[in-house]
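Enquirer: quick one: sequence plus predicted model below, questions after.
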Amino acid sequence: MEPESLPPTANASELHEILEPGHTFGSVTDKIASIVLRRRTKRGWIAGFLIGLSLLMLLNVAVCYLFAVGVGIWGIRIPVAWGFAIVNFVWWIGIGHAGTLISAILLLLRQKWRTSINRFAEAMTLFAVSCAGLFPILHLGRPWLAYWLFPYFPNYMGTWPQFRSPLVWDVFAVSTYATVSLLFWFVGLIPDLATLRDRAKSRVKKVIYGMFAMGWRGSAVHWSRYETASLLLAGLATPLVVSVHTVVSFDFAVAMVPGWHTTIFPPYFVAGAIYSGFAMVMTLAIPIRKYYELEDFITLRHLDNMAKVMLATGLIVAYGYMTETFMAFYSGNQFDRYAIINRMTGPYAILYWSLIACNIAIPQSLWSRRVRRNIPALFVLSLIINVGMWLERFVIVVISLSRDFIPSAWGMYYPTRWDWATYVGTIGLFLTLLFLFIRYLPVISISEMRSLVEEVDAEGGK
Amino acid sequence: MSDLRNADEMMEPGKNNGASHAQPHDERPEMAPPGLGPRLDLGAIRSTLAESNGTRFWQGLEELARTPQSEQFLHHEFPHDPEKDPVGLDRRDVLKLMGASAALAGLSACTKLPTERIVPYVRPPEEVIPGKPLFYATSMPLGGAAAGLLVESNMGRPTKVEGNPQHPGSLGATDIFSQASVLGLYDPDRAQVVMHEGRISDWAAFVASMSNALNDFKGAQGAGLSLLTETVLSPTLGSQIRALLAQYPNAKWHQYEPCNRDSAREGGRLAFGHYVNTVYRFDQADVIFSLDADFLSNGPGHVRYAREFTERRRVTGPKSDMNRLYVAESALSTTGAMADHRLPVRAGDVEAVARAISAAVERSGAAGGDSLPEKVSPAWIEAAARDLSAHRGASLVIAGEHQPAIVHSLVHALNLALGNVGKTVLYTDPLEAEPVNETESLAQLVSDIRAGSVRLLLILSGNPVYSAPAELDFANQLLRVPQRVHLGLYNDETAELCHWHIPEAHFLESWSDTRAYDGTVGIVQPLIAPLYDGKSAHEILGVLLGQSGQSAHDVVRAYWRAQHPAKETDKDFEKFWEVTLHNGWMQGSAFVAKPPMVHGGASGSDSAAAAAVVAPPGKSSGLELVFRPDPTTFDGRFANNGWLQELPKPINHLTWDNPAHVSPATAQKLGLSNGDMLKLTSEGRSMQVAAWVAPGHADGAVTVFLGYGRRRAGRVGNGAGFNAYVLRGAGSAWISNDLRLERTGARYDLAATQIHHLIDREGHQVEEESVEAFNRDLVRIANLDEFRKNPNFAKDSSEKSENISMYPGFPSPGYAWGMSIDLNNCIGCNACVVACQAENNIAVVGKHEVIAGREMHWIRVDTYFRGDMDNPETYSEPMPCMQCENAPCEVVCPVGATVHSPEGLNVMVYNRCVGTRYCSNNCPYKVRRFNFKLYSDWTTASMFGLRNPNVTVRSRGVMEKCTYCVQRINAAKIESEKADRPVRDGEIVTACQAVCPGQAIVFGNVNDPNSRVSKLKAQSRNYALLAELNTRPRTTYLARLTNPNPEMPKA
Amino acid sequence: MSQIFHRSTNTISRLSIYGGVFIIAGLSFALYAIGRSPYYTDVNVAKMQPVPFSHRHHAGELGLDCRYCHTSVENSSFAGLPPTQTCMTCHSQIWVTSPMLEPVRASYRDDKSIAWTRVNALPDFVYFNHSIHISKGIGCTTCHGPIADMPLTYRANTLQMGWCLECHRQPEKYVRPRDKVFDPWYQPPSDQLALGRLLVKEYKIQSLTNCDTCHR
């Protein structure tokens, strides 16, 4: 898409909905920068951070024990050789997508309302991806050989990765994704870092922020380069929103396991990714805006928009489920048919139905504007959807494997305490990073908010 | 990446002395450890021993060697199961962790190989070429007859057991026990030193004390001197004992084995007035009727019988014929699974069936329905009887070892009446050196002890304290004997109560002789010098006879020299001896069949009458209790054998346990389900045992299996399962009608490698998995007539001939390896599973890991039931890797660790595998196995000797699978290349193929149209599993056929 | 307000950005060098042995045939190391008093094997078979180097997989006539390729590069 497409002109009312009036450059900057530069750290932050940190330590223990004893500490077995590790991997990767979507696509589409949420949405992407990135390595039988999945040098064996394997595609997809997200996020940060540098009191902070600000002076040249850079990166990131989860879905679609081997996977994985991503943004945004009094910047309008996106993607996902079921019967393939029947009536049926409830039934309430503007309701919904999307991955990975072609080889998967420890542990990692981000970087893009203020005033002046 | 080390790679030939059949060898071989694990320093051990001057108890050389591993092992039942040890970080793990983190730091490319030593011989032994295996013939005595074996020796270490193709009892096949025997040899828990009153002593001391002791007996002509042996098959040992009895006329000799053949013996005497040995000719039988006889996997000659039986079921085309098998049995056995008509009856009712049959045969038809148990339709009996009578001389009735004598005598009479004797049933002299009623013999011993007339008791192998009938209260009686000596492989329950314990030499370590099912003499020759200075019964007898100098070899050789016509020169005998040792069996030593000496020389029918005189049993009411030897641990002697413990038991796939079996109907009535704990009470004795709902089991009966619940078996067998001997009476050795059963309410975890969900389908109990399996055409079945009408019934419409694939197919210009498995000849005995385990260094994972679904067997034998669970049709399907041409596993491996060889092998490169397990997920047959933890034993030094040097020992985190024994393929190819000729058909034999008693598995080159495998695959019954997936498996199946009797009334 | 950084910072940061590229490249080359160095590969590192056995003397100067000691090289995977007996065939007559040979005599006397240090070692998951290579016309010196010129034996080649593959991919480069296999002085002729192609045909040499040739 060409970035020069005419921006949809934002009329006053809309602008007022995404930024409460009466804000000046100063007020905006103060408000946001204060979170970072304030002297005393808020108690709530410390509490939250400690929770995250302790969970992170749990991850630490789990990983050490894992390396010491092997993946046998998990519940995986033959036939269910993939368990929580892959479920969590797909879940985290999915969550990441919202950030990229908001910051890249909505940027190209000139959606004003994105400005106040894109910063921490991007951060969330980054942290989610780093959580996801752990699992492909952890789940290896011999993790210390993970580098064999790359074409590396020096290599005395003349050996290469096997490029027909989706896992190799994963390696490239995920690493690219991580790199681009990081760059995008960082480039976006530069002007704000400069602001912080200039407002910081202590020498140390000055130096640190200064180094990352990379000598930003806010000159016209800087701004124009900044604009181009972010546009280019947005252009780069946009296809990733679609491609990454498509590749991830290939891990399953390419395999021949009944319940995996379907062409519908790529689209509905992507939709699902955005679905869960927005749910996660919502889960984070609501408490943050409340706690740091950012209601002026993250307004009901934002939540309402995100809710609409969730509703839309949720419907796509629902369509995916339907197609899957329909095809299983229409194709007349008895293995697929059994796989679906097993999902609905087999030993794991309860999980399947709660997945339907979480991902399809309950979110339909978003049709109502009252729900979309009811903050507690939205918060609960977003949590439910997060759970639902995790269940979806569990249903796909575990239930399909537990009963495939040869009945004599069927077997049940039960997660062990180490499965849970690793999963909760990564949530800990995510929270820890998030809290550090909130404390030391502006959660909302100051520079972009300023430009909003400008527009609001311009509108007001008329 | 050098973390995969083949525990066998060390080059220490000098220390391993190969057995050379020319002379015995007495240098003690040291176990040569590889470049890893603790070195078992015998020097250090000896010094430790010296210090401890025998005042300490100790368990194994490792303990003395004081390696941390041994410490760990001494305290864990399942060394590699961290769940038992949540901290789980022992030294090795920490090292691995460090290694791992170092590697993660990207340094793994820089790890150097450790320096290795090469230790050549000082003087090379003859015949040994370093790096090449040698084969020696020997025999393994078990269950009242011997199996003829060829044992592979690598640098003097016996590593693999094969059947001896020339041996009449083997014909090249073996059973699971022979296969696993080699593991028993290296068992680190074997008794390792002479113990005297709990202290370490030595052989010399024992000899001395014996000779003193014997002086006291000289006067009384040996009164008070008693000998307790197992069933003695060895002619030499027999003659030694007789010599002893000649020296001490008042000495007593008792024989006892818990799973003895008393009833068969007594049955013979009942019918003919003297003990006989019955030899069956299944190759001559068109119709076979088995009365609770599991002749395919139990009793003398079962390997041979399995071959003869399956040969008569081998079908090459619509014209070929099949034998017909009727089975009336209580618990579903492998034989019952092969039956064309199976009748579940309680063991106690089998006699009634036998009578009905003979009655029906007598007056051809019209069964005597009077004594028939309910639920047995007279029509069924009549049809079977008519079939038998229609095949006079070509039919065969066989009674189970566990059936009372009367049934056996009835069967003898029946075979006479049917004119089978001399045709399908032959009678010879008994195999035993001295046939006795062993239960009575033991009872006699105990009453002697009670009378205080036993002053010195020598127990030569066997474990009566554990296995004697409970009512004899053997343990306590034994303690009343002033002097007790025990010779045994293990320091077991019996050894514990004896003054002297002498470690016994394993049969792979010692000289002896034995007899096969038809009396053929086999020489037992050692493959390796005794690892722990074990002694054989011959040497003990030598001591008693005052010839303690003599080695077992001298004794055996001297005996046969004496048997040899004196006129022959030593040179002739030398040649004869050489040949015998080389072949492993003695030419023309088989007993000649003789017409049975019937009572008063009367005809068969009279003896039948004689048998019939004994009144038929009163119908037993209430529950019936049946004892059986365990399918894998037998009478308990294999309890410490990890391979056998983890070997899925036929049909139910249970491992590590021996739950009590009840029929689905009975289970429903009593409200039992798998894993419920039961309290069984019989004749005032009681035990607790888990329950198992066994399809096809007779209603109103409970079958318990002997051989578990060992206290002093070793680290593997201790505490596994439940000890059923505590219920066993002397009178009711196999069947008891007095049983009370109650649920304790407790539950018990059972480890089965194949799950069986019994579900209700319109009032019938069926098995969910099996139903689905038949929907998917995994097992294809027809009866003979259907097959003749439509020879192509097994062909699959969706089976595509042309190769549809995105990727170019794999052309196999040279060899194209393939396998054909004939379901018609597979008896589901699981021998292939153990053979594979032995050949490919497959690890044992332990009960917990089996429950977690991580058993490692590369080939499994699936079981599917069809029809009502009260008496289902049962089908076995061996499942190795299919070696797909379009292998789904290969495309998904990110590092190319599993690839396709030009010869069509789906190769697994362990050292390249990083363990994503994607290949296993994508394998439709689920034949891949993964090392979820460190399963291979890298620490028990004695185990290193067991390893096959040509197969990598897999490490943690690596996928593994069947590769058609690629090591054998490569070896054969190299030889053929050197000789500049193609590999001959049949030159390469996979481990599973070699061991198969039914010859169901055939491997070969499918590019060669004349190879056996090609011919089989050309048959109309040939079908591929899940062909519709277009995996194009190289392993294909021949559909199963049944041969039902058209006159049989529909059930 | 005052500048936080000195103006030189600009240059430094620019440099470090460019430099990074070269640093990474340099590191991987260093790694490569280590992997090829004698430290790692043991190439050209003579190992200390209980007896300083000289192949130069025995194989080179005395001209003993390789197979005199390495008896099983033609029919087993393992070339075989001479039992002490073999040494004593000669050394019971000559050098009977040499202190250097005392370990050998001792070994023979009290029947204790000599523990030689392995020079040419492969990882344990590699299954190499001497006999087939011999019978296909691969000479001893092709892998073991100028053995007849080694006072103390050392590893002549890395024995790394890449090195094996060189020959397995194009055997014609290395194959020699069967009668020359044990010739320690053999030099490939100038027309090696031509000869090689001939021999490859004649000896039916397949270039086996699939994994199961060496790994199981």
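Expert: Cool, the structure landed.
Enquirer: pull the CA atoms of stretch B:255-273 into PDB?
Expert: Output in PDB follows, covering the C-alpha atoms of stretch B:255-273 (Å, rounded to 0.1, in the frame of the first residue of the first chain):
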ATOM      1  CA  GLN B 255      13.000 -82.200  43.200                       C
ATOM      2  CA  TYR B 256      10.600 -79.200  43.100                       C
ATOM      3  CA  GLU B 257       9.700 -76.400  40.700                       C
ATOM      4  CA  PRO B 258       6.700 -74.200  41.300                       C
ATOM      5  CA  CYS B 259       5.600 -74.500  37.700                       C
ATOM      6  CA  ASN B 260       6.200 -78.200  37.400                       C
ATOM      7  CA  ARG B 261       4.600 -80.700  35.100                       C
ATOM      8  CA  ASP B 262       3.200 -83.000  37.800                       C
ATOM      9  CA  SER B 263      -0.200 -83.300  36.400                       C
ATOM     10  CA  ALA B 264       1.100 -84.200  32.900                       C
ATOM     11  CA  ARG B 265       3.400 -86.800  34.400                       C
ATOM     12  CA  GLU B 266       0.700 -88.200  36.600                       C
ATOM     13  CA  GLY B 267      -1.800 -88.200  33.800                       C
ATOM     14  CA  GLY B 268       0.600 -90.400  31.800                       C
ATOM     15  CA  ARG B 269       1.000 -92.800  34.700                       C
ATOM     16  CA  LEU B 270      -2.800 -92.900  35.200                       C
ATOM     17  CA  ALA B 271      -3.200 -93.900  31.600                       C
ATOM     18  CA  PHE B 272      -0.200 -96.200  31.100                       C
ATOM     19  CA  GLY B 273       1.000 -97.100  34.600                       C
END
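Enquirer: so which bits of it are buried?
Expert: Buried residues in stretch B:255-273, counting neighbours by 16 or more other Cβ atoms under 10 Å in any protein chain shown, are found at B:255-272. To be clear about C-beta, it is placed using only N, CA and C from the backbone, and glycine gets the same treatment.
Enquirer: tell me which of the residues you listed fall in strands.
Expert: B:Q255 (DSSP state E).
Enquirer: mind checking which of the buried residues of stretch B:255-273 are in helices?
Expert: B:D262, B:S263, B:A264, B:R265, B:E266, B:G267, B:G268, B:R269, B:L270, B:A271, B:F272 (DSSP state H).
Enquirer: shaky segments in the chain?
Expert: Assuming you mean chain A. For chain A, the stretches with pLDDT under 70 are A:1-18, A:21, A:38-39, A:456-462.
Enquirer: let me rephrase: I mean chain C.
Expert: Ranges of chain C meeting pLDDT under 70: C:1-2.
Enquirer: residue of it closest to chain B, please.
Expert: When scored by Cβ to the nearest Cβ, chain C has C:F78 as its residue closest to chain B, at 3.3 Å.
Enquirer: again, but for chain A
Expert: For chain A, Cβ to the nearest Cβ, closest residue to chain B: A:G141, 1.8 Å.
Enquirer: for that residue, grab the count of nearby residues.
Expert: By other Cβ atoms under 10 Å in any protein chain shown, the residues close to A:G141 number 23.
Enquirer: that one touches A:V71, doesn't it?
Expert: Yes. With contacts counted by Cβ atoms under 8 Å, A:G141 reaches A:V71, the gap being 6.0 Å.
Enquirer: residues shared between the contacts of the two?
Expert: Counting by Cβ atoms under 8 Å, 6 or more residues apart in numbering or on different chains, the shared contacts of A:G141 and A:V71 are B:G915, B:F932, B:G957.
Enquirer: helices - which of the residues you listed land there?
Expert: Among the shared contacts of A:G141 and A:V71, none falls in helices (DSSP H).
Enquirer: just those now: which is nearest A:A271?
Expert: B:G915 (32.1 Å; Cβ to Cβ).
Enquirer: re earlier: who's in contact with the residue of chain C closest to chain B?
Expert: For C:F78, the contact set (Cβ under 8 Å, 6+ apart) comprises B:M11, B:P130, B:G131, C:S72, C:H130.
Enquirer: again, 10 Å this time
Expert: B:11, B:13, B:118, B:129-132, B:155, B:949, C:70, C:72, C:128-131 (Cβ atoms under 10 Å, 6 or more residues apart in numbering or on different chains).
Enquirer: mind checking the SS state of it?
Expert: On the three-state scheme (DSSP: H, G, I helix; E, B strand; the rest coil), C:F78 is labelled coil.
Enquirer: for it, what are phi and psi?
Expert: Per-residue torsions, C:F78: phi -100, psi 130 (degrees, to the nearest 10).
Enquirer: OK, now which residue of chain C is nearest to chain A?
Expert: Counting by Cβ to the nearest Cβ, chain C gets nearest chain A through C:Y32, at 3.7 Å.
Enquirer: tell me the SS of the closest residue to A:Y440 other than its chain neighbours?
Expert: Nearest residue to A:Y440 in three dimensions, chain neighbours excluded: A:V36, at 6.2 Å (Cβ to Cβ, 6 or more residues apart in numbering or on different chains). Put simply, A:V36 is helix when judged by three-state DSSP.
Enquirer: A:V36 contacts A:P442, doesn't it?
Expert: Yes. Proximity of A:V36 to A:P442 meets the contact threshold set by Cβ atoms under 10 Å, at 6.0 Å.
Enquirer: neighbour count winner among those two?
Expert: A:P442 (26 against 19).
Enquirer: what sits against that one?
Expert: A:29, A:31-37, A:119-120, A:189, A:191-193, A:195-196, A:449.
Enquirer: ok, it to A:L196 distance?
Expert: 7 Å (Cβ to Cβ, to the nearest Å).
Enquirer: checking the residue of chain A found nearest chain C next. Helix, strand or coil?
Expert: Nearest residue of chain A to chain C, counting by Cβ to the nearest Cβ: A:P154, 3.7 Å away. Three-state call for A:P154 (three-state DSSP): coil.
Enquirer: who's in contact with the closest residue to it other than its chain neighbours?
Expert: Closest residue to A:P154 apart from its sequence neighbours, by Cβ to Cβ, 6+ apart: C:Y32 at 3.7 Å. For C:Y32, the contact set (Cβ under 10 Å, 6+ apart) comprises A:F153, A:P154, A:N155, A:Y156, B:A109.
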